[in-house]
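J.: Next one to model:
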Amino acid sequence: MHRTQWIARISRPGVRFLVMSISMAAVLAPSASLAQKKAPPNANNRKAQPAKSVAPPPPRSALLTHEAWQNAPMTPLQTGEIDALVAKELQADKIEPAQRTTDEQFVRRVTLDLTGKLPVPADVTEFVADPDSQKRAKLIDKLLASDDYAHHWAHYWRDVIASRVSDRRGLGLARAFEEWLTSQFKQDQKWDKIVRAMITAEGSCQYDDDGKNGALFFLASHTGADAANEQAAETSRVFLGIQIQCAQCHDHPSDQWKRVQFHELAGYFARIRERPLKGEMGRPSGVELISMARGEHEMPSPQDPKKTLVTYPRFLDGKGPATNVDDKQRRQALANSIVDKNNYWFAGAYVNRIWGELMGQSFYQPVDDLGPHKEAVFASVLTRLTGAFRGTGYDVKELFRAVMNSETYQRQIRLGETSDQHLHFAAAYPTRLRADALWDSLVGVLGNLGPPRDPARPRPQGPFAMAPGLEGLFKLEFSFDPSLKPDEVEGSISQALLLMNNPLLNQRIQARGTNLLGRILKSFPDDDAALHRVYLRTLARKPTDREMEKCRTYISKASSRTEAFEDILWALVNSTEFQTKR
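T.: Next up is the predicted model:
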């Protein structure tokens, strides 16, 4: 039966109840001298623009400080330490934590979190049957060592950066960036090394690059006259968790940041120019970053917008690079300031983001806005995690292990009484799967959903290139900014219709030949056994007794067994549970 016919039948009480039943959601210390009221003693800079006035530095009260974070021990986290810290906070707030996840719930959650894919039925069954008390920790290690882990988290950071690119033509290097970052994660590269490579990237990168210089994407995706401002804003947001972009035009209304500080940060990027590369027949083929010999960033004067003030590069703690240095050395100095172990904000931004992605809610919300004058939920936990992350030299996998082996991560989901209620990590908060993970889940259930790519045929290139056919349409439709709070990521009618009515998806759902449902119905003539297999494949769990009862009733009333199972599979794929982490 076609899904359009199924929609017409939803009004029937039994079918509506079935859909409702199986669609439930599873569910930097201030050290700058105030005497620096003029430009740094850089003779070359002054000669280059002798007529320009120089912006005065920000007051000491506006500088980024971090003394409060320095007491956090940088020693490795001990077993149970995260849970003890969280428990202390929960007891003080008189909050009862949720129960531990079942083995079925855990294997699905951890596999989706680390690889973006569903576990196959055999893995679920084997994991549940395994009596080893250390099986959860072993599964985490196994998934962290997989190529799927590297690919999945490269997808994630691609989306984090690409979602804020204002000119969509800047996305041409997104694929090269993803491949480069995948290789970094496979090599267990530390987070500071990865970020340093992005900030100091130089040279050229082709759209069909195999990832050798994909780090260029972070800077090269911002083009035009406003490129330096965008690069400064994104550097601060992504790597420090500081939203300083509001200070571009005026002093920040709710934080300490002054307008001059934003433009001093933009000063680090004043000598970068992006140049498009062209290939055959003059078509765009890539991007090159060019370092200019001289030139400084300027901000409009607050007294006269027609005039500008020179803003030499200076970090948010008031410190600037050495004098008489070129573009490369300037950006190296910026990278040094950002990844310095004394800069808590670099480590804190990463910990807050990863914790939020794994738990559904972060210490600071939104995940890329740490303040510095905002209050964190359970700041003691964030401080300790961040100290440990710094102590490991920004070891990404060690952070994942510490969080995911905790009972806090392994709790069942819970919804708040209101959409914006913070659960205080007493439970996991359900979140929608990102486009790549949802697509991979569909492919895992239904099989190939498009023509296989011919290795001899060049892959799509250029700034608007994307995956062909249904995959490209699907990922475009279901994509969202990973930095948004979960409650700000809403489904749409067009998304629902794509999942319910797409002809190719419906074709794959039908029990034909050797596809998923065809194999299940042939191999499992018993309806209960077939239902167990369908649920394991789609939701990575066995059906509940209530679900079994409803499905049996529906099968008995359907015109054919095949038709009934097609409708059940369709309903599961369209369920909230299939589309979320639980």
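J.: phi, psi of residue 280?
T.: As for residue 280, its main-chain torsions (degrees, to the nearest 10) stand at phi -60, psi 140.
J.: Please apply the same query to residue 135.
T.: phi -70, psi -30.
J.: ok, for it, nearest residue in space, not its chain neighbours?
T.: Leaving aside its chain neighbours, residue 135 sits nearest to residue 127 (6.5 Å; criterion: Cβ to Cβ, 6 or more residues apart in numbering). In this view, the C-beta of every residue, glycine as well, is placed from N, C-alpha and C.
J.: Please give me every residue in contact with that neighbour.
T.: The contact partners of residue 127, by Cβ atoms under 8 Å, 6 or more residues apart in numbering, come to 103, 107, 119, 135, 139.
J.: Quick check: the farthest pair among the residues you listed?
T.: Within the contacts of residue 127, 119 and 135 form the most distant pair, 13.1 Å apart (Cβ to Cβ).
J.: which of these two has more neighbours?
T.: residue 119 (23 against 17; other Cβ atoms under 10 Å).
J.: Quickly find the element holding the residue nearest to that one when sequence neighbours are not counted.
T.: Nearest residue to residue 119, sequence neighbours excluded (Cβ to Cβ, 6+ apart): residue 111, at 4.4 Å. Using DSSP states H and E, residue 111 maps to helix 103-115.
J.: Mind checking the pLDDT average for that helix?
T.: Averaged across helix 103-115, pLDDT comes to 98.
J.: Walk me through the domains of this protein.
T.: 3-27+432-450+468-581, 149-338 (automatic domain parsing).
J.: chain center to the first one: distance?
T.: On the basis of Cα atoms, centre = their mean, to the nearest Å, domain 3-27+432-450+468-581 is displaced by 25 Å from the centre of the chain it belongs to.
J.: Could you find the closest non-adjacent residue to residue 52?
T.: residue 310 (4.7 Å).
J.: Quick check: bridge partners of the one you found?
T.: residue 54, residue 298 (DSSP bridges).
J.: my read: it touches residue 56, true?
T.: No: contact status for residue 310 versus residue 56: not in contact, 11.1 Å apart, counting by Cβ atoms under 8 Å.
J.: Need the overlap of contacts for the two.
T.: Joint contacts of residue 310 and residue 56 (Cβ under 8 Å, 6+ apart) do not exist.
J.: So which of the two has more stuff around it?
T.: Legend: neighbour count by other Cβ under 10 Å for residue 310 and residue 56, higher for residue 310 (20 against 13).
J.: Helix or strand: which one has the residue nearest the centre of the chain?
T.: For the chain, the residue sitting closest to the mean C-alpha position, by Cα atoms, centre = their mean, is residue 156 at 3.9 Å. In this structure, residue 156 sits in helix 147-162 according to DSSP H and E.
J.: where's the residue nearest to residue 52 relative to residue 222, distance?
T.: 21 Å (Cβ to Cβ, to the nearest Å).
J.: do residue 535 as well
T.: Where residue 222 is concerned, residue 535 sits at a distance of 46 Å (Cβ to Cβ).
J.: Could you do residue 305 as well?
T.: 23 Å.
J.: more neighbours, these two?
T.: residue 222 (23 against 8).
J.: That one contacts residue 235, doesn't it?
T.: No: applying Cβ under 8 Å as the test, residue 222 and residue 235 come out as separate, 10.3 Å apart.
J.: re earlier: with respect to residue 72, which of the domains of the chain lies nearest?
T.: Here domain 149-338 is closest among those (Cβ to Cβ), at 16.0 Å.
J.: what's the spacing between the closest one and its chain's center?
T.: On Cα atoms, centre = their mean, the centre of domain 149-338 falls 18 Å from the chain's centre.
J.: average pLDDT for that domain?
T.: In the prediction, domain 149-338 has an average pLDDT of 92.
J.: how long is that domain end to end?
T.: 26 Å (Cα to Cα, to the nearest Å).
J.: Also stretch 557-566?
T.: OK, stretch 557-566 end separation, Cα to Cα: 14 Å.
J.: ok, now how distant is residue 364 from residue 353?
T.: Taken as Cβ to Cβ, the span from residue 364 to residue 353 is 9 Å.
J.: Show me what the helix or strand containing residue 442 is packed against.
T.: Per DSSP H and E: residue 442 is located in helix 435-446. Where contact means 3 or more Cβ pairs under 8 Å, 6 or more residues apart in numbering; DSSP states H and E, helix 435-446 is packed against helix 147-162, helix 469-478, helix 503-509, helix 527-539, helix 561-573.
J.: Let me have those helices in a markdown table, extended by distance to residue 425.
T.: Formatted as a markdown table, the helices and strands packed on helix 435-446 follow (distance: least, Cβ to Cβ, whole Å):
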| stretch | distance to residue 425 |
| --- | --- |
| helix 147-162 | 21 |
| helix 469-478 | 27 |
| helix 503-509 | 36 |
| helix 527-539 | 25 |
| helix 561-573 | 30 |
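J.: What residues does residue 528 make contact with?
T.: Counting by Cβ under 8 Å, 6+ apart, residue 528 has contacts 548, 552.
J.: Mind jotting down where the strands sit in this structure?
T.: Assigned by DSSP state E, the strands in the chain fall at 53-54, 203-206, 272-278, 284-291, 298-300, 308-310, 431-432, 580-581.
J.: and the last one, which strands flank it?
T.: In this case it means strand 580-581. Counting by DSSP bridges, strand 580-581 is paired with strand 431-432 (antiparallel).
J.: which residues touch the strand it pairs with?
T.: By Cβ under 8 Å, 6+ apart, strand 431-432 touches 360, 438, 480, 486, 489, 491, 579, 580, 581.
J.: Quick one: buried ones out of the residues you listed?
T.: 360, 438, 486, 579, 580, 581 (16 or more other Cβ atoms under 10 Å).
J.: Identify the farthest-apart pair in the residues you listed.
T.: 360 and 438 (16.2 Å).
J.: hang on, the earlier thing: in CSV: the contacts of strand 431-432, plus distance to residue 336 and pLDDT.
T.: What follows is the contacts of strand 431-432, written out as CSV (distance: Cβ to Cβ, whole Å; pLDDT from 0 to 100):
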residue, distance to residue 336, pLDDT
360, 34, 95
438, 39, 96
480, 34, 93
486, 35, 89
489, 36, 91
491, 43, 90
579, 43, 96
580, 41, 95
581, 37, 90
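J.: what's the closest of the residues you listed to residue 194?
T.: residue 480 (23.4 Å).
J.: so what's residue 255 up against?
T.: Counting by Cβ under 8 Å, 6+ apart, residue 255 has contacts 243, 246, 371, 372, 373.
J.: where's the closest residue to the first one other than its chain neighbours relative to residue 197, distance?
T.: Nearest-residue entry for residue 243: residue 369, 4.8 Å, with adjacent residues in sequence omitted and distances by Cβ to Cβ, 6+ apart. Distance check for residue 369 against residue 197: by Cβ to Cβ, it reads 25 Å.
J.: Same check on residue 541?
T.: 41 Å.
J.: same deal with residue 502?
T.: For residue 502, the distance to residue 197 - Cβ to Cβ - is 39 Å.
J.: what do you get for residue 152?
T.: Residue 152 is 20 Å from residue 197, by Cβ to Cβ.
J.: sorry, back to before: turn the domains of the chain into a markdown table, columns for distance to residue 94.
T.: What follows is these, written out as a markdown table (distance: least, Cβ to Cβ, whole Å):
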| stretch | distance to residue 94 |
| --- | --- |
| domain 3-27+432-450+468-581 | 24 |
| domain 149-338 | 30 |
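J.: Nearest to residue 410, out of those?
T.: domain 3-27+432-450+468-581 (13.0 Å).
J.: tally of neighbours for the nearest residue to residue 221 once chain neighbours are set aside?
T.: Nearest non-adjacent residue to residue 221, counting by Cβ to Cβ, 6+ apart: residue 170, 3.6 Å away. Counted with other Cβ under 10 Å, the neighbours of residue 170 add up to 23.
J.: Please shift the residue numbers so they start at 56 in all later answers.
T.: In the new numbering, first residue 56, that becomes residue 225.
J.: Residue 148: which of the contacts of strand 486-487 is nearest?
T.: Closest to residue 148, out of all of the contacts of strand 486-487 and judged by Cβ to Cβ, is residue 415, at 18.3 Å.
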